[in-house]
Structure formats: C-alpha cells, structure tokens
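Novice: Build me a structure from this.
(chains A and B)
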Amino acid sequence: MAKTLFDKIWDAHRVTTLPSGEDLIAVDRVFLHERTGSVALESLLASGRMPIDPDRVFCTMDHIVSTEEGRGRNDARTPGGDVFITATRSAAAKTGIQLIDVDSADQGIVHVISPELGIAQPGLTLVCPDSHTCSQGALGAAAWGIGSTDAEHAMATGTLRLKQPPQTRIRVDGRLADGITAKDLILHIIGTLGADGAKRCAVEFCGDAIEALDVEARLTLCNMAVEMAAFTAIIAPDDVTFAYLKGRRYAPEDDQWDRAVSIWRTLMTDKDASFDHEHVFDARLIGHTLTWGTSPGQAGRLDGTTGHSDYMNVESGTPLLGLPIGGAFIGSCTNARISDLRAAADILRGQRVADGVTAICVPGSMAVRRQAEMEGIDRIFRAAGFEWGEAGCAFCFYAGGRTFAPGTRVISSTNRNFEGRQGPGVRTHLASPAVVAASAIAGRIAAP
Amino acid sequence: MNTPFITHDGIAAPLRRDNIDTDQIIPSREMKSVSKTGLAKGLFAGQRYLDGRTPNPDFVLNQPDFAEATILLGGSNFGCGSSREHAVWALKEYGIRAVIAPSFGEIFWGNMIGNGLLPIMLEEPVIDQLPHRIHIDLPAQTVSGHPFAIDAAAKRRLVEGLDAIAQTLQHQPAIEAFLTRDRKDRPWVY
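Specialist: Numbering: from 1, shown residues only, chains lettered A, B, ... in the order given. Predicted coordinates for the structure are as follows:
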C-alpha cells in the first residue's frame, strides 16, 4: 500500500496498537527547556520515576534566561526567573539527562540548536514541551509539541499514546522571487488557509519551491505550521538535508552514516499515497508578507492594506507600508539563524535605525552569534543602532521584565502576534528579517 | 490519577471569541514558579484585571452571574498557540471542569485530557442554544440534551481518571522488544 512520508515514520515507530485504538509510538528524542521542561522533570522525580534513557533526553535554557550581553549563569530576564534555571539544572543533574546549560558554547533556542547539533535527524520521532517543535520537521523528522505531562510520559516510558493525525499536503510550485523568503511563504500560506487551516494535521510541504530552500529556510517554514493549528510539518529529506547534517556533533558517523543515509533516502511519500487534504500554491505570486492583526492568519502583502483591529489600532483599508513603528526585533526560533542575520545585515550595512525605534537582535544560538561575529555582522548591527544579545527566546514573548512600552508598534521576525504576546498593549507585526531591518531604518513599515 | 469525570452540573461562562490562545489563558508573566499550582490567579490576567489586580467588571468571570462558573464556552481554535500546560493547570485550579467550543488547539486538547478536564466540541449554533446552567453527562455524551462526539480513548481516560504513565508501563515488554529490534536496525539513534 502506498504510504506518505509521515506514515512511514509513524509505522516504523509503532510499538503496538492499544485496545483504545491509540498507537503506542516510540519517541527517539525528548528535548526540554527551562520553562515547561523543568516542571516535567520535577514531576517525574516526585512520582519516583526516571527517564528510561537519559542519553536521549536533551535540555536547553532558552525561554527565561537573560539575553543581555555578559549575562551570568543564573541571570533571568524576569524577576524570580532564576528559579526556572536553577531548578532545571538540579533536576537535570538528578536524572542524568543531557543538559546544555546557559554557559555552554552550544546554548541556544531548542529549535535552533537541535538541528545545529544534529540531534534532529530524518526519520526520528522528536518531541518537546514547546509548540514550535514542528520546526524540526524541516530535517525530515516527525517532531511535534506536547504538554509537560506528555513530556513526563515520553521520558518515563520512551513512548507516547496517540491516534495517528490526519494529513495535509501543501505543494508549492515555481520559485520564490528574489528577496522573498520562507517567512513570506509561510505567512502567505497561513493568511490563505487561516489560523486553523491545517487543524490537527501532519502537514507535508513539497514542490519545486520547497526543494529549492536550504535547511534554515525549511526550518522557518515548518516552524509556523502550528500557527495554522497543525499537529506538525515535515519535508522529505534530500541531498540538501544530508549535506547539512554531515559532520554535526550528534549525526551518525563513518559506516553508520552510510547506513543511515540509505534508510533516509526511502523517506518520501509514495507516488500514489493519499492525503486527507491537499493545497497548491504558486511561489511566483508571493510577495513580502506580514501580519496586520492579532492572529497569524491575519496576514497580507506588504504593499496591501490591513483589516480592522482595535488592538492593533488599524482601520480596515489602512496601507501597511508607512505605518510608524517604535520597535524592531530580529530573533526567535523562526528567524534567528545565520542566514537571517546575514539578510538583515545586508540591509543594515552603513545605515542607522530611525530615531525613536528600539532595535534589538538576539541570535538563536551562541554558535550563530559566534559565526556572525566572525563575519563582522555584529558590528553592522551595532553600528546601525541595534542591541546585540546573547542567545535565547528574548522578545518573542513577554515573560515579565523588560519589554516595549504599551501601544508600541513592533515589527518582529517572530511567530506570534497575539494580544500582549510581546508585552501588555504591544502591537506586533510579524515579518521576515529583511522587512524588519528595512522598517527599523525607515522608522515605519518599509520594503527592503 | 485525576478525578474521574462522569457527570457535571455547572454555570457556563461565555468567552465566544475565536483563537483564544494560551497566552491569553495564562500570560507568560504569570507563570512564576516551576510547580503546577499557584496559577489560578493568573488565569486570563490580561483581561480579568485592570491596572494592578483590580477586577475588570467587563470580564465575564468577574460578573456576579458567572462568578461560580465551572464551564467555559469558547470560540473556534480554543487554546491555540503555546504548548504551556500551565493554561490547563490554571483553569483546573480556578475550578473549570469543561470547555465547550467548536474546535481546540491540538496540544491544549491533549493537556486537558491529561489533567482530567473535558473538552467538548460542538457547532456554534448548538453552543448558542445552551442554557446558563449546563448538565454534562460524559458516559452518555450529552450536554443538556445535545449529543457530542469524543474520541473513545480520551473518554475512557477521563471517565476512569487513568494515570497514562502507569497504563503505558503495562506494555513494558512490547516497548523492550521494540527497542531491542530497533537498536539493531538504527544503531545511530541510540
């Protein structure tokens, strides 16, 4: 019987089918962070259980850690937040899992460092108590976000109990125009299908436009699948994926590598496999895209107009171009990789951020930060008037502590424009790093 | 082990906007400890309070008619966004037992089941007809006489209040057999 890529991974991980009709699915990798993972570890310990294989459980510190330059190892971005850091560190030590601590050279946002270190690989099942875990489907893994209780379940049993989700295929034909990015593509797709447009589905992205994307762009694309209510997203692994992974810390080595690749090459949807839903997009028709409202589905073209939103203080028909901004943020698991920073730096080189705009860049990992510094990108950002942070989630969400003033319009390379997401009253427009950079210079929403 | 969910009678408070995300249910700034408790006061904090902690009289749970509510009526895609289980822990600690909405965020739905709270999917026109005080019968799958569908496995977990980890550990031999085989097939994973 013809199978989809997702079917193949699911079937290979089915331990048994339970009388309830659920499948018991083996989980290859659990990733945790200090915000939602610490409580799972503490709860596991409190129940007298331990991870069945701590070597396959990873944990980073990204959500609550300070991202100010020169931070100490317990410094949090919110008052009292140090307890998340210290409790996670102590629970990690007691359970023997692999902790990537604040002061590790590998530290960074979970969905940035997991691919970077080769922890995410094709054909794996990978879960994390974080909704943007779907990002890692970019490597051809089945990766999805769970709650803390399920994280405990996955650690204690090495499995999760699940019904196989329905499946959607999104094919994108053609090639994106020059300067149009995976961020524009995914905002366009969510704007078209809606914030629940892929409800509960495992989404496979395919087509010429997807094959042409590098792994970092694929990560951006898959990252936002949850913003259209998907269970996860996945892209068939190919030579681009294999070249990206080869030589990374946790990638298979030597003859294991060849064996792995021979299996990874079978991870594609069979020709006659069927999906519950199919959508086709034409990449050539997509322009710079950003959100105007308070749901990621409220997105439109940069040269278009907004709908009505009281919270965002926009009337229906307001041109997006020219809306004055007070903040610009480049960061997050969506767009804080080296390619994102390079794209922004190309625009910022020799320019200054407009008066009255607070501009901040927080690289997605310390490795990205070091690479950027090697290339002189940090100097471009600093000279333009951007703050340059240490790796973490930072201004993607407000945790208490420093943020933008209420009412500030912020252009942001992040993934959520919910009310209050970046701070009480803060008005978020999601966009690509290039649009964020161009807008920061102009002091208003502007084209790169 | 959760309290089994069999029947429940309670007042239903309407929060009928679509896409009520988990940032709204509990803002990140309200998740102040590493435990699952102490979260109820942060529930809907952005809407429930005016400056400081003064109750906002316009917010439904602050209105006398709904002060005792134990059920929420939501819009579509209720609980979308962040995976934070704190949203469910906050609802549970506040005293909410069920949420009725046209659809739910996937992770939030699973988190409700895992904590013994009942998510009920009903179409908008049916939700419109529900009375102020609602009777839920989970074994019969009815809400004040209106039938609803629910995944059989989820229903069983709620009705029996099962501890999923203990349940799964009964399949330890099958898990061990899988791992033994898989270690040979995909040694690089381990």
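Novice: Around chain B, which positions in the stretch 1-150 of chain A sit nearby?
Specialist: Taking Cβ under 8 Å from any Cβ of the partner chain as the contact definition, the stretch 1-150 of chain A meets chain B at A:15-16, A:18, A:20-22, A:24, A:26, A:28, A:35-36, A:38-39, A:42-43, A:47, A:49, A:53, A:55-56, A:78, A:80, A:83-84, A:87-88, A:121, A:123-124, A:129-131, A:133, A:145-150. For glycine as for every other residue, the C-beta is placed from the backbone atoms N, C-alpha and C.
Novice: Okay, and which of those map to helices?
Specialist: Applying DSSP state H to the residues of the stretch 1-150 of chain A next to chain B, the entries found in helices are A:Ser38, A:Val39, A:Glu42, A:Ser43, A:Val83, A:Phe84, A:Ala87, A:Thr88, A:Ser148, A:Thr149, A:Asp150.
Novice: tell me the contacts of the last one?
Specialist: Looking back up the chat, that one is A:Asp150. With contact taken as Cβ atoms under 8 Å, 6 or more residues apart in numbering or on different chains, A:Asp150 is in contact with A:Val127, A:Pro129, A:Leu160, B:Gly110, B:Asn111, B:Gly114.
Novice: Would you mind putting those into CSV with neighbour count alongside?
Specialist: Shown next, in CSV, are the contacts of A:Asp150 (neighbours: other Cβ atoms under 10 Å in any protein chain shown):
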residue, neighbour count
A:Val127, 26
A:Pro129, 31
A:Leu160, 24
B:Gly110, 25
B:Asn111, 30
B:Gly114, 23
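Novice: From those residues, pick the one nearest B:Arg48.
Specialist: The closest of those to B:Arg48 turns out to be B:Asn111 (Cβ to Cβ; 20.6 Å).
Novice: part of a helix, is the closest one?
Specialist: Yes: assignment of B:Asn111 by DSSP: H, G, I helix; E, B strand; the rest coil places it within a helix.
Novice: returning to that earlier point: reformat the contacts of A:Asp150 as TSV; add pLDDT and distance to B:Leu130.
Specialist: Rendered in TSV, the data for the contacts of A:Asp150 read as follows (pLDDT from 0 to 100; distance: Cβ to Cβ, whole Å):
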residue	pLDDT	distance to B:Leu130
A:Val127	98	36
A:Pro129	97	33
A:Leu160	98	33
B:Gly110	95	25
B:Asn111	96	24
B:Gly114	94	26
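Novice: Tell me where the stretch 151-300 of chain A has strands.
Specialist: Using DSSP state E, counting those that start in this stretch, the strands found in the stretch 151-300 of chain A span residues A:159-162, A:167-173, A:202-206, A:232-234, A:277-282, A:289-291, A:299-301.
Novice: of all those strands, which lies closest to B:Phe148?
Specialist: strand A:159-162 (21.6 Å).
Novice: ok, the closest one: who's next to it in the sheet?
Specialist: Paired neighbours of strand A:159-162 in the sheet (DSSP bridges): strand A:23-26 (antiparallel).
Novice: and the following helix or strand past the partner strand, how far out from the chain's middle?
Specialist: For strand A:23-26, the following helix or strand on the C-terminal side (DSSP states H and E) is strand A:29-33. Distance, stretch centre to chain centre, for strand A:29-33: 14 Å (Cα atoms, centre = their mean, to the nearest Å).
Novice: who's in contact with strand A:29-33?
Specialist: A:37-38, A:40-41, A:51, A:56-63, A:88, A:97, A:110, A:114, A:119-120, A:124-130, A:133, A:151, A:154-155.
Novice: about what we covered before: would you mind finding the most buried of the strands of the stretch 151-300 of chain A?
Specialist: Of all the strands of the stretch 151-300 of chain A, strand A:232-234 has the most neighbours on average by mean count of other Cβ atoms under 10 Å in any protein chain shown, namely a mean of 30.
Novice: What pairs with it, parallel or antiparallel?
Specialist: Looking at strand A:232-234 with DSSP bridges, its partner strands are strand A:202-206 (parallel).
Novice: Report pLDDT for the residue lying closest to A:Gly443 once chain neighbours are set aside.
Specialist: Of all residues not flanking A:Gly443 in the chain, A:Ala354 sits nearest, at 2.9 Å (Cβ to Cβ, 6 or more residues apart in numbering or on different chains). A:Ala354 carries a pLDDT score of 98 in this model.
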